[in-house]
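Asker: Give me a model of this one.
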Amino acid sequence: MPVKVDKNLCNGCGNATEPRCVRVCPGDLLFKDSANRCAVRDPRDCWDCAACIKECPRQALEMYLPVQIGGRGATLKAKSEQGVLSWFLTKPDGTTETFIIKTRTEKSQS
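Answerer: Sure thing, here's the model as predicted:
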């Protein structure tokens, strides 16, 4: 299922020429629209890789999960901060589950 953009949350990463989600999309499907918000060129071409969802600092992107994974209407969002990636699964009945994954951090060069 393609990525959905919440236009009320997306700010196009401010004045960035290329927002983080646009930069990371392997299918080159995202772009900044005339309102300076993220948009999807053709949702049918989305690979469901979730790379853009992890990059969005405002949690403006979400992905509908296939029925086999989350049930009809289940969505997935992510939030990345301070070495932790949190995934938020919202089930069709409105309940949520959170999955927390520690991310790798680069070692500083001495």
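
Asker: got a list of what Cys38 touches?
Answerer: 5, 10, 12, 19, 21-22, 30-32, 52, 56, 60-61 (C-beta atoms under 8 Å, 6 or more residues apart in numbering). Quick note: C-beta positions are derived from backbone N, CA and C, even for glycine.

Asker: Which PyMOL command selects the buried ones in those?
Answerer: Selecting the buried subset of the contacts of Cys38 in PyMOL, with 16 or more other C-beta atoms under 10 Å as the burial test, is done by:
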select buried, resi 5+10+12+19+21+22+30+32+52+56+60+61
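
Asker: Narrow the contacts of Cys38 to those in helices?
Answerer: Cys21, Val22, Cys52 (DSSP state H).

Asker: Would you reformat the residues you listed as JSON lines and include distance to Thr75 and pLDDT?
Answerer: What follows is these, written out as JSON lines (distance: C-beta to C-beta, whole Å; pLDDT from 0 to 100):
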{"residue": "Cys21", "distance to Thr75": "16", "pLDDT": "94"}
{"residue": "Val22", "distance to Thr75": "21", "pLDDT": "94"}
{"residue": "Cys52", "distance to Thr75": "14", "pLDDT": "94"}
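
Asker: Let me have these in CSV, adding distance to Lys102 as columns.
Answerer: Output for these, formatted as CSV (distance: C-beta to C-beta, whole Å):
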residue, distance to Lys102
Cys21, 23
Val22, 27
Cys52, 21
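
Asker: pLDDT-wise, which helix or strand of the protein ranks last?
Answerer: Least confident helix or strand, the chain: helix 67-70 with a mean of 70, by mean pLDDT, DSSP states H and E.
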